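here's a sequence, model it:
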Amino acid sequence: MSLVRALRCVALLVLVGVIASLAAVHADAGSQCGSVPFVSVPSAYGINTCVGNNKAGLLKIAAASPLKCSIFTLMKIPRSKPLLDLHDMIKQMIDCPWYMSARFHRYMTGMGDKEMNAFCADLSNLVLPCADALLPSLIDMIHEDTQCCSQLSDLLDMLYLVVPAGIDHKAFLLNDILNSVNSFFCSRRDDTKQTCGRSMFSQLIAMHTEEDFVIFGSMLLPFLTIAPGQECRAMTGLPYNNSASSTMQMARTIDYSCCVHQIRPLFTAVTQMFESALALTPAEFLNGVVDFPSTSSAKFVDSVAATAQCQFQTKCSNPAFIIKPQPREVRSAPGVARKNILPDDVKCTRVERCDTAGTVCSEVCQYGTADLTSDWMKQTLKFQRALAESGPLCLAQVPATHNSAITLADGYGNRDQLINRQLNPRKATSIMQTNNHLLSVVDQLNLGVRFVEIDTHLFLGDFRTGHCGTIGSKTVDTLFYTVMAQLVDYGEVHWSPPLLGCFPSLSGIRADEQMKTKTAMHQIRQWLDKPANKDEFVFVYLDTGAEIGFQNFEGLNSIIREAFVDLIVPADILDSLDDREWRNASIDSLKKDGYRVVVLANRHTGVAYNLDRFCGGHVLLDTKLIDSSPDAFGRIGETAIYGSDYFVRSYQSRLRYISINQNGGLSRELPDFLTPTNIAKYVRWNVNLVAADMLDGASMRGFVWSWAENEPSTSANATTFINADGRWRTSATLPREHKACWHGSDLDWIVIPYTTECPRNSTASFPRDAYQNTLLLRAIQKAEISHPVVIDAPTIKS
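Numbers count the residues shown, from 1 in each chain. Next up, the predicted model:
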């Protein structure tokens, strides 16, 4: 939503509320949020429901400031021709981004002295007085009504993403944005008697034709390329050295003179917004995008800040209306818990993890110190791993995590606390969470995870872990190609839209602090090299970004080879298993040949095997089906379980950007997460990879399907039973009345009297995986047997 459109919506919101209040002050009984009689109210962003529930409040707000912003003033805002023209121009630029520079040039051409004066008059006489009088109360009203104004409230919450920490967003909107926009366009030079907006526009259209004008290169880039010490001369239109040019070539921009002092507040606000959201300045971002010649000292710089010391013969006067300063400091919302609460059921050494500046810190588990508090759970998970590794590879259930390396322990999400402490604690869906885990990859392995996913992207000259991807916006894509066309003159450009979120970072961490893929690989190798883990086998899945092409594979392969050397299962061995449809393959057979790591990736890199070919394919099972049972054909939804045609994985990301889900859409609905209370529901069907976010000891308990707590006992001559809860217990005293016989070809259990021989083609056995355990429990229930049943299970080896 553009600023102009937002202002028009504010005016409409109050106008409609006033009219509705005069028409009826009672809510429609058929609508929980009330209604607006006699008036057609826009439904966009829930304006209609917000107005319907707050008619009296809107009337009160409007009546509070009749002198600054009367009903007649409000009625003029939606009809203002200068504002409508600006709105139409912005809409056309968004609708047709390829022509945004040409469209803006035409807009500047049409903004003569008369048109700019009219625009500034409407800003000073209509927009700013009404914003000053109404906006703070409107924002408070919207935030208070979290139900009927929920969509508008969610939009307002998004401001916290860009408003600097500790600054009230109402003050930032009114003083830093609206006042700065007004100052940018409507301050007036004493030499030409023109507004700064008109002066800038007239010089730009004189310097550039519509064909060669580019918003980024012609207007913005000069403020990022003036060599230090030359800012003042550059602002008078004199030549300056281009700081981003390897040869320091000369450049020039228009004569801003005193207008630069009027423009600087808006540039400063935009820079603060950029830095607040992305933890770096625009100049730092561009320096990471362009690969300057190695022998050059060229770089982009923040030229605007240095202009504060400039003195010009020309003097500028402020616009006619300036919004009074608002209280800037904001207190943390009461009752907000610290974001970095460490997990339950995990013991570790607690330390502080800070950003490189040392200004933002979180309490985390020190690397490698997290452990399960229960020895029984460790032994049981190890027992189940041994069963999985001895069975068919493609039926192996492997405890997994999603986005395993995006952890608070590594700094991801550290800065989220700056935003969360300002959000409304009554809105459970309004939260900033940019880390998938609290515990490091090493600690996840310590807890029993054996399938880790390392998000791998190429930025800042290296392979790194980050969460990013294209948002599917043609406007963003067009802006990228437009900007790239300007930047290629300075060096090779190493950036594309799919890197949004990684660089610049939206993960609560500076882009250059994000973990290198090499580091993650070596952490896993060091864990494997520990004597206690000498028999462990690990799957490493590299979720590679779209920016990693064939030409980058060798660099990635070198990292993998250097970390794991000869522990990796070679691609040709996996190809041969694929040729025979993975028959007779098991983790144990790979371990016997000396291999301990399978490396998978989105594409076959030559070392990392294609995930979509491993075990015949890779299918995702949606967590929204977690309460479902397989149908008569053994399917949950469209996914066949307990088959060897493909590997099945289920995960649900915990990432959330205040009101936006990880897919980039505004949403008040939280998805079905994998939690300690429901993980077992997918484990029971032997889903190969139940990949949880925010893994902790309680989550690992959900992977236990065999032994009951503190079992098996060490009693002599003890027999193993499966109880009505599906868990195994040993006893030397319980009567042995029934036993379980397994018919493997039919995937069927037969429960018979203990002294009876098992039927033909079946044997006395025990469940070797969670699905077999579930089938046995169902067979016992079907036979209406209420006492424990004997299973021929081995005991745990310490």
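
and the residue nearest to Asp255 when sequence neighbours are not counted, what pLDDT?
Distance criterion CB to CB, 6 or more residues apart in numbering; nearest residue to Asp255, sequence neighbours excluded, is Gly237 at 3.6 Å. (Glycine included, C-beta is placed from N, CA and C.) Listed pLDDT for Gly237 reads 96.

and for Gly237, the neighbour number?
15 (other CB atoms under 10 Å).

repeat for Gln417
Gln417 has 20 nearby residues by other CB under 10 Å.

what's the separation between it and Cys361?
9 Å (CB to CB, to the nearest Å).

repeat that for Ile61.
41 Å.

between the two, who's got more neighbours?
Between Ile61 and Cys361, Ile61 has the larger neighbour count (other CB under 10 Å), namely 23 against 14.

check contacts around His743.
Contact analysis of His743 by CB atoms under 8 Å, 6 or more residues apart in numbering lists Trp749, Ile750, Pro759, Asn761, Ser762.

can we see that at 6 Å?
Asn761, Ser762 (CB atoms under 6 Å, 6 or more residues apart in numbering).

ok, now Arg684?
Applying CB under 6 Å, 6+ apart, the residues contacting Arg684 are Ala770, Thr774.

how close does it get to Leu775?
10 Å.

state the mean pLDDT of stretch 447-455.
On average, stretch 447-455 scores 98.

residues touching the lengthiest strand in the chain, excluding its own?
Determined from DSSP state E, the single longest strand within the chain is strand 451-459. With CB under 6 Å, 6+ apart as the contact definition, strand 451-459 has outside contacts at 398, 400, 402-405, 441, 463-467, 499, 502-503, 517, 520, 539-545, 547-548, 552, 689.

please, where are all the strands along the stretch 551-700 of the chain?
597-601, 609-610, 618-620, 635-636, 639-640, 647-651, 656-658, 660-661, 689-692 (DSSP state E, counting those that start in this stretch).

Glu275 contacts Ala283, correct?
No: with contacts counted by CB atoms under 6 Å, Glu275 stays clear of Ala283, the gap being 10.4 Å.

the two - which one has more neighbours?
Legend: neighbour count by other CB under 10 Å for Glu275 and Ala283, higher for Ala283 (21 against 17).

the closest residue in space to that one that isn't next to it in sequence: what's it in contact with?
In space, and not counting its chain neighbours, Ala283 is closest to Phe300: 4.3 Å by CB to CB, 6+ apart. Applying CB under 6 Å, 6+ apart, we find Phe300 in contact with Leu224, Ala244, Ala283, Leu286, Asn287.

which of those has the largest number of neighbours?
Of the contacts of Phe300, with other CB under 10 Å as the count, Ala244 tops at 26 neighbours.

and that one, how far from Asp212?
Counting by CB to CB - Ala244 and Asp212 are separated by 19 Å.

and the one helix or strand Lys170 maps to, how far out from the chain middle?
Using DSSP states H and E, Lys170 maps to helix 169-171. Its chain's average C-alpha position is 25 Å from that of helix 169-171, according to CA atoms, centre = their mean, to the nearest Å.

ok, stretch 580-588 next?
For stretch 580-588, the distance to the chain centre is 37 Å (CA atoms, centre = their mean).

same question for stretch 161-170.
Distance, centroid of stretch 161-170 to centroid of chain: 20 Å (CA atoms, centre = their mean).

average pLDDT for that stretch?
Per-residue scores along stretch 161-170 average to 89.

what lies in contact with that stretch?
136, 139, 159, 172, 272-273, 276-277, 326, 328, 330, 418, 658.

shaky segments in the stretch 1-150 of the chain?
Counting by pLDDT under 70, the low-confidence segments of the stretch 1-150 of the chain come to 1-31, 35-41.

again, only this time at 50
1-4, 7, 10-30 (pLDDT under 50).

residues contacting Arg450?
Val398, Pro399, Val538.
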